[in-house]
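Q: have a look; sequence and predicted model below, questions after that.
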Amino acid sequence: MEIDDLTPAERRVWRAFATARTVDFRTAGTGGAQHGPERTLRAAVLRALLLNGPREPGEVAALMVVGARVTGVLDLRYATVDSVVRLHHCRFDEAPRLSGAQLGYVTLRGSVLPGLSADHCRIDGGLRLTHCRIDGAVILSRAQISGALYLDGAEVGADGPARTVLQLKRISVDDDLCARGLRTRGLIRLDGASVAGSIDLEEAELSNPGAHVLDGESLEVGAHLIGRRLRAHGRIDLRGARIPGRIDLLHATLSCPGDTALRASSCAVGEMWLRGGPPIQGGLNLRRAEINQLHVEPEMLPEQVRLLDLTYTFLTPHEPAERRLPMLERDDGAFDPHAYEQLTAAYRHAGDDRAARLVQLAKLRRHRGTLPWYGRLWGHLQDAAVGYGFRPLRAAVWLLSLLAAGSVAFALEHPRALKASEAPDFDPVFYTLDLLLPVVSFGQESAFAPSGWHRILSYVLILTGWLLASTVVAGVTRTVSRQ
């Protein structure tokens, strides 16, 4: 393109390119907020400038424009651009096409675009879309960015049918993905993406009601996924993600009624924080996840929590077992003893043996509901007698009560001696003990023969003694084997 074909605005940009001078059109002309001819640049001119623009020895060329209108399509597909591209607060009539391009540092801060297509591109510096308003989709699938990707304060997506508005599938970012205050209306795809640093979604607002709002299946993050004060209206899917740092959802609002609001199944996570926000609207799925520290407040848990094969080492903050147990009862699947064992291990790791025993007791009671009628009956007897071995003092109460009742009954009326000349003196207390304790003999039971209602009472005491002894032995054996 000849220099004579350029408009005055384009000529200014052309001349400033070789020395990386900034051309600011925001105060040009009398159009105010409108972009008149004095603030308009053709995309074809910018393309020619980036590919074959003038160079000066000892200078670094760069396209530095503020406040312009860009008409036509900025088409850099499969091009190699070694200059910095800085187009701030510009308005693009058409979505730029950067697919397959090799670029240096690109920043479109504060610009308005109908979309951006840059899949399979390579950016040796960073890509900055801070505070941009993008009415269509941003396509960066399989892009390679050596620096950071900035989306802070950006607004992406237009009102209308839900669709993918941020296509970041299999993107590779060698630094952070910064998206504080991001606003999206549609789906963000991060499945298979790799971010060497952290993903920061603090105070972001993601909206795609009734559908996926963020798909991060098999996402790999080098540090943290931060979502403090995040507001997500739709389903977040992090299935199979690898995040060695923390998933930080402090004060976050997660809402997907009638569906799963957060799915982090089969994940490997250093820490997960669910604290300070309102109750999750929708389900929480942590099945088969591996989490070193699970920091979750009971008040934030939804009505449906899926924990099958979830493993964790620490559970914080420390709460009484009574507040943690409902979490294990909200899984709509079959009885899962592993969940109870995990909670027991967490309490034992914290040194709270009482809470650990309560969790084990709750596990046995819930397991009882899966047994046939005779198993449930035996379970009820063990529970009533000794609390499945976790409440041994209850056996002493039963024993003392039966001993007192039998002693009083036999003291009022002595049973008849079988051989009066050889029988020892009758003792109602030791006689009752002989009946109650099946493996101990004080010589009273074999010397006297009760009759009438005393015989019925003796049978009751013998039967009760056997049942009590069996439940004590079963409970103690279970406790000892568990230790």
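A: Looks like it came in fine.
Q: so which residues of the stretch 201-350 of the chain form strands?
A: Under the criterion DSSP state E, counting those that start in this stretch, the stretch 201-350 of the chain contains strands at 205-215, 220-221, 225-226, 231-237, 242-248, 253-263, 268-274, 281-285, 290-296, 305-306, 311-316.
Q: Arg69 is nearest to which of those strands?
A: Closest to Arg69 of the strands of the stretch 201-350 of the chain is strand 205-215 (Cβ to Cβ; 28.6 Å). All C-beta atoms are positioned from the backbone trio N, CA, C, and that covers glycine.
Q: keeping just the C-alphas, turn the closest one into CSV.
A: Coordinates of each C-alpha in strand 205-215 appear next as CSV, following Å, rounded to 0.1, in the frame of the first residue of the first chain:
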residue,chain,number,x,y,z
GLU,A,205,-19.7,-13.0,37.6
LEU,A,206,-20.4,-16.0,35.4
SER,A,207,-23.9,-16.5,34.1
ASN,A,208,-25.4,-19.3,32.1
PRO,A,209,-28.5,-20.4,34.0
GLY,A,210,-29.5,-24.0,33.6
ALA,A,211,-26.4,-25.1,31.8
HIS,A,212,-22.6,-25.3,32.2
VAL,A,213,-21.0,-21.9,33.0
LEU,A,214,-17.4,-23.2,33.3
ASP,A,215,-16.2,-26.5,31.8
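Q: in that strand, what counts as buried?
A: By neighbour count on 16 or more other Cβ atoms under 10 Å, the buried set for strand 205-215 is 205-208, 212-215.
Q: what is it packed up against?
A: Packing contacts for strand 205-215, counted by 3 or more Cβ pairs under 8 Å, 6 or more residues apart in numbering; DSSP states H and E, involve strand 183-185, strand 187-189, strand 231-237, strand 253-263.
Q: pLDDT score assigned to the residue lying closest to Thr40 once chain neighbours are set aside?
A: Distances taken as Cβ to Cβ, 6 or more residues apart in numbering put Arg69 closest to Thr40, at 4.7 Å, once the chain neighbours are dropped. pLDDT, Arg69: 95.
Q: next one: Glu38
A: So Glu38 comes in at 87 (pLDDT).
Q: ok, now Ile188?
A: Per-residue pLDDT puts Ile188 at 96.
Q: that one touches Leu166, doesn't it?
A: Yes. At 4.3 Å, Ile188 counts as touching Leu166 under the criterion of Cβ atoms under 8 Å.
Q: neighbour-wise, which of those two wins?
A: Neighbour tally, Ile188 and Leu166, criterion other Cβ atoms under 10 Å: the higher count belongs to Ile188, 29 against 26.
Q: and that one, bridged to which residues?
A: Leu166, Leu214 (DSSP bridges).
Q: got the contact list for it?
A: 164-166, 168, 206, 213-215 (Cβ atoms under 8 Å, 6 or more residues apart in numbering).
Q: just the helices in the stretch 301-450 of the chain please.
A: Residue ranges of the helices in the stretch 301-450 of the chain, as given by DSSP state H, counting those that start in this stretch, are 321-328, 337-349, 353-368, 373-386, 393-412, 428-436.
Q: which of the helices and strands packed on strand 205-215 is buried the deepest?
A: Highest mean neighbour count among the helices and strands packed on strand 205-215 (mean count of other Cβ atoms under 10 Å): strand 187-189, with a mean of 25.
Q: which is the next helix or strand following that one?
A: strand 194-195 (DSSP states H and E).
Q: from the buried residues of strand 205-215, which is closest to Gln102?
A: Comparing those against Gln102 with Cβ to Cβ places Asp215 closest, at 27.9 Å.
Q: that closest one reaches Ala193, doesn't it?
A: No. The pair Asp215 / Ala193 is not scored as a contact, 9.9 Å apart, by Cβ under 8 Å.
Q: okay, and the common contacts of the two?
A: The contact sets of Asp215 and Ala193 do not overlap (Cβ under 8 Å, 6+ apart).
Q: so how far is stretch 429-438 off the chain centroid?
A: Put simply, stretch 429-438 sits 58 Å off its chain's centre (Cα atoms, centre = their mean, to the nearest Å).
Q: same thing with stretch 431-451?
A: When distances are taken as Cα atoms, centre = their mean, stretch 431-451 is centred 62 Å away from the chain's centroid.
Q: again with stretch 136-151
A: Distance, stretch centre to chain centre, for stretch 136-151: 25 Å (Cα atoms, centre = their mean).
Q: then stretch 201-219?
A: 13 Å.
Q: what of stretch 231-248?
A: Chain-centre distance of stretch 231-248: 6 Å, with Cα atoms, centre = their mean.
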